[in-house]
Each structure stands twice: as structure tokens, then as C-alpha cells.
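Chemist: Need a 3D model of the following:
(2 chains, ligands or ions: 2)
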Amino acid sequence: METSLEEQFQQKIDQEHKIEPKDWMPDKYRQTLIRQISQHAHSEVVGMLPEGNWITRAPSLRRKAILLAKIQDEAGHGLYLYSAAETLGISRDEMYHQLHSGKAKYSSIFNYPTLTWADMGAIGWLVDGAAIMNQVPLCRTSFGPYARAMVRVCKEESFHQRQGFESLWVLSKGTDEQKRMCQDAIDRWWWPCLMMFGPPDDESTNTIQSMQWKIKRFSNDALRQKFVDMIAEQIKILGMKLPDPDLKWNEEKKHYDYGKINWDEFWQVLKGNGPCNKERLDARRKAWDEGAWVREAASAYAEKKHTNQLNNSNKVYENVH
Amino acid sequence: MKTFIRKMFYGDYGEEKNNAAESNSTNASKNEWPLWEVFIRSKQGLDHKHVGSLHAADAVMALENARDVYTRRGEGVSIWLVESKNIHASNPDDSAALFEPANDKIYRHPSFYELPDELKHM
Ligand SMILES: [Fe+2]
Ligand SMILES: [Fe+2]
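Modeler: Ligands and ions are numbered 1, 2, ... in the order given. Model (predicted):
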């Protein structure tokens, strides 16, 4: 009996063969990946904005250089991911258009404001920490270009998390005001970070399909639990507290129990009603619109150089003959 | 809460209506800078290896961008750039016809030859 293309595709996946751009794939697989990779790329790019807010106000040259390097990495992550998505047949401009028109989404975490310098530490430690938790399994995702981009990304993330923790660690040993600042940043970022893993497993209905295609390998709740267990231990070193009265070690489960997440807030932010949604999109659109003349000028210059080259080689040709 | 978002996990934040991510690239890509494939030699003595792609108006800009995007931590000592439209690739559907003739020529491998145990250094 002959196996259908779909069955052959699933067999390849089951045998842990990677799918490459020119291989046959179901339309739905392609579509899911285009959406996931491009939205992931948007998140990296929009994610530069909350941190960019503090570059000029970093407390020392050392911190400023670190922050700049981290933000530059995030730009790189966006670029690796856009280029992976392009292998599936969507153009870069189309992806930008989807972001700027509000059609495509990005991680809700970047719609929260960065109010104090301590937020730079909290973002590195918690936001990048949560991102790493999610991104490490994506290094083995079934689509080759996405997996390879994620390997590159993960290599760079570790510095992001470490510099964040170090920064909070310094604050945690500082003056009373610095300690307060540190605790306040943790209080504000903790719950939105837990939301980064997505809704609970019983609500994300199509996860099963993504698991079967090995785009995703662990459920939202499993990854969230791993993150809670990790941070609940690390915060002890800072001598700070997570803002959750229900957080408690569960000896039976060998995991930390934690309180209820406010999913209503999550859906509101994702729908565009978060504290900074409008500001973030406006900043992106402004950058795109104000860069238009640069893009055009560069194209015109390249075109002109190309024509000159052709003319010159024609002249040489005429001289010789 | 009623919502059209069907799927939600890291890197995929759902969509307002179904198939929002479907692309109609043809009209959007006209003003795009050309796409370049980037190859990097990680250290002297090794081959250049494909690392990804980027957009740039010309080769000079492509080189500068490749340096910034793909070698921020000393990942390379040399960069090659090829405009993507100039890459000719084999088609995966032809893999059988292209590569199978090699599979039945096992005598091309050293392990094909059974030699006496006394024979050393071969
Ligand atoms: Fe990143
Ligand atoms: Fe990061």
C-alpha cells in the first residue's frame, strides 16, 4: 500500500529527521511555522524597546556597554529568526507589515514599562531566564533553519541572564533604597514572566498538533513549572521574595506550588490593552517610516554603482576592439 | 472570555482570525534589498560554512551587516557572501536519482575489503 505524502512526512518527523525548506510539508505545518518564527522574531525586535529606554541612563560605563551589547544581541536574534522564516516563502517586508499593522503578535511581556534601573536586572534574570527555558527545547525543533537559528540564539542568551542576575545581586547588597528598588522590580516582573509560557495546557487546544510535528516538545505548564523551581531557589541568593504567598515547596511532587495566574490580564495585554502596546507599535512604525529614505537611498546608490560598472566595462570593451 | 486565538505557546502568540500568517509575498517584496547568503570560516584551516542570510543593498553593506549579525563574538575570521538568487540547489524530490547510484557501490569504502589479520598499518 502506498503511503501518502502526509504519512511520509510524519514518519520523517517520528524518526527525528529534520525538515528543510525545499522538502514537501503540509500547508498547515508551513503556516504554523511562518507564524511562530515570525512572531518570535517580532518579540526579539520589540523586546529591544523596553531596555533601550535605559541605555542613556545606565549607572556606569560598564553597565552601559553591557546593556548595549545585550540589546544588539536581541537585534541579531530577530534577524536570525526573520531569515529562517523567509526560507518558508514569506518576505521580510510582509512580516514587517504584519507587525506594523497589528496583524502579527509578539510576546506580551514587552508591553510592560521599565520604570527603574532595577528593571534591567529583572528583565535579564527573569524575562531572558523564561525565554531560555522555552528556547532550549526549540534547538531540537523539527524545522532545520528554525532549530539552527535557536542554537545560535541560545549560545548568546546565557550572558543575558547572568548579567541581569549580577546587576540585581549588586543592588541586593546596596543601600536600603537599592534593595527596595530590586524587590519592586521583581514584584512587577514575576507574574508577567509566568505568563510568557502561554496559557495552561488545558486551554491551548492545538498544542497536540505542534507536539506531534515536534515543533514544540514540552507543554506550557511543564516549562513554567521548571522555571518556577529554578527561580524559587535562585531568589534565596538575592535575599529577596517572589510576590506569591502561595509559593511553597511540595515535598510530595518535588516541585514548588505557586499561586493562580491572572489570565484575564494576559489576554487583555495580548489583545492590545497592555500598558505599553500602543507605545511599542508606534516606536516600531516610526523607525520604519523614518528609515524609508535610507532604504531608498541605499538602493539608488547600489543601482547607480551597478550601472557605472556596466558602462565602464563597456568602455574597456570598446577600447580593446 | 471569547477569543479567536487558537494556539498559544512560546514564539507563537496566536492570531485574530484563522490563517492570518498566510503570506502574499509577491507584492510586498518589490522594494526589498536583495537577500544574501552568509558563509563564515570560523578559524584558519576550516571551510566556510553557511550560517544564514541577510538583506543588504550591495555587497559592501552585506559584508558589514554579516560582520555585525553573525560574528559578534569572534565566530569568524573570514566571510563569504553570495546573493541568494545566484545559488543553484538540487531538488529534494530528485534526491533518489541523484544520490542513490552511490549507495550500491560499497566497494568504494575501505571496509569492503577483507584482509588477513597479520597485515598491519593499512
Ligand atoms: Fe533574544
Ligand atoms: Fe536575550
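Chemist: and the gap between the nearest residue to residue A:162 once chain neighbours are set aside and residue A:135?
Modeler: Distances taken as Cβ to Cβ, 6 or more residues apart in numbering or on different chains put residue A:124 closest to residue A:162, at 7.7 Å, once the chain neighbours are dropped. (C-beta placed from N, C-alpha, C; glycine too.) Using Cβ to Cβ, to the nearest Å, residue A:124 is found at 15 Å from residue A:135.
Chemist: Which helix or which strand is home to residue A:278?
Modeler: Assigned by DSSP states H and E, residue A:278 belongs to helix A:277-290.
Chemist: quick one: average confidence on the helix or strand just after that helix?
Modeler: Note on helix A:277-290: by DSSP H and E, the next helix or strand toward the C-terminus is helix A:292-320. Here helix A:292-320 scores 87 as its mean pLDDT.
Chemist: in helix A:292-320, what's buried?
Modeler: Neighbour-count burial for helix A:292-320, counted by 16 or more other Cβ atoms under 10 Å in any protein chain shown, picks out A:299, A:302.
Chemist: Helix A:277-290 and that helix, what's the angle between them?
Modeler: With axes from the mean of the first three to the mean of the last three Cα atoms, to 10 degrees applied, the angle from helix A:292-320 to helix A:277-290 works out at 30 degrees.
Chemist: So which elements touch helix A:292-320?
Modeler: Judged by 3 or more Cβ pairs under 8 Å, 6 or more residues apart in numbering or on different chains; DSSP states H and E, helix A:292-320 is in contact with no other helix or strand.
Chemist: Which helix or strand contains the residue of chain A found nearest ligand 1?
Modeler: Going by Cβ to the ion, ligand 1 is nearest to residue A:77 of chain A, at 3.8 Å. Assigned by DSSP H and E, residue A:77 belongs to helix A:61-86.
Chemist: Any residue of that helix touching ligand 2?
Modeler: No: residues of helix A:61-86 are not located near ligand 2 by Cβ under 5 Å from the ion, the shortest gap being 5.5 Å.
Chemist: Give me the helix or strand of chain B that scores worst on average pLDDT.
Modeler: Lowest on mean pLDDT, DSSP states H and E among the helices and strands of chain B sits helix B:25-28, with a mean of 46.
Chemist: Pull the residues that contact the next helix or strand after that one.
Modeler: Note on helix B:25-28: by DSSP H and E, the next helix or strand toward the C-terminus is strand B:35-41. Contact partners of strand B:35-41, identified using Cβ atoms under 8 Å, 6 or more residues apart in numbering or on different chains, comprise A:86, B:47-56, B:59, B:62, B:66, B:69-71, B:75-85, B:87.
Chemist: mind redoing it with 10 Å?
Modeler: Taking Cβ atoms under 10 Å, 6 or more residues apart in numbering or on different chains as the criterion, the residues outside strand B:35-41 that touch it are A:83, A:86, A:91-92, B:29, B:46-56, B:58-59, B:61-63, B:65-67, B:69-71, B:75-87.
Chemist: ok now the helix or strand just after that strand, how far from the chain's centre?
Modeler: Going down the chain from strand B:35-41, the next helix or strand is strand B:48-55, by DSSP H and E. Taking Cα atoms, centre = their mean, to the nearest Å, the mean C-alpha location of strand B:48-55 is offset from the chain mean by 7 Å.
Chemist: How about stretch A:36-50?
Modeler: 5 Å.
Chemist: Residue A:14 is in contact with residue A:212, correct?
Modeler: Yes: with contacts counted by Cβ atoms under 10 Å, residue A:212 reaches residue A:14, the gap being 9.1 Å.
Chemist: tell me the contacts of residue 78?
Modeler: Went with chain A since none was named. A:40, A:41, A:42, A:43, A:44, A:45, A:46, A:47, A:48, A:153, B:69 are the contacts of residue A:78 under Cβ under 10 Å, 6+ apart.
Chemist: wrong chain, I was asking about chain B
Modeler: Residue B:78 touches B:39, B:40, B:41, B:42, B:43, B:44, B:46, B:48, B:71, counting by Cβ under 10 Å, 6+ apart.
Chemist: And it, how close does it get to ligand 1?
Modeler: Noted for residue B:78: a distance of 26 Å to ligand 1, by Cβ to the ion, to the nearest Å.
Chemist: Now do the helices in the chain.
Modeler: Just so you know, I chose chain A. A:5-14, A:27-46, A:48-52, A:61-86, A:92-100, A:118-122, A:128-138, A:144-172, A:176-195, A:207-212, A:220-238, A:263-268, A:277-290, A:292-320 (DSSP state H).
Chemist: ah, I was thinking of chain B
Modeler: Along chain B, counting by DSSP H, helices occupy B:25-28, B:59-70, B:95-103.
Chemist: Can you pull out the low-pLDDT segments for chain A?
Modeler: A:1, A:204-207, A:316-317, A:319-321 (pLDDT under 70).
Chemist: Just give the nearest non-adjacent residue to residue 102, would you?
Modeler: Assuming you mean chain A. The spatial neighbour of residue A:102 that comes closest, neighbours along the chain excluded (Cβ to Cβ, 6+ apart), is residue A:281 at 6.5 Å.
Chemist: um, chain B though
Modeler: Taking Cβ to Cβ, 6+ apart, and ignoring the residues beside it in sequence, residue B:102 has residue B:108 as its nearest neighbour in space, at 7.7 Å.
Chemist: So for that neighbour, what's the pLDDT?
Modeler: pLDDT for residue B:108: 91.
Chemist: separation between it and ligand 1?
Modeler: Relative to ligand 1, residue B:108 is positioned 45 Å away (Cβ to the ion).
Chemist: For burial, what's the neighbour tally of that residue?
Modeler: 7 (other Cβ atoms under 10 Å in any protein chain shown).
Chemist: related to what we said a few turns ago, most packed of the helices of chain A?
Modeler: The highest mean neighbour count among these, using mean count of other Cβ atoms under 10 Å in any protein chain shown, belongs to helix A:118-122: a mean of 26.
Chemist: lowest-confidence stretch among the helices of chain B?
Modeler: Lowest mean pLDDT within those: helix B:25-28, a mean of 46.
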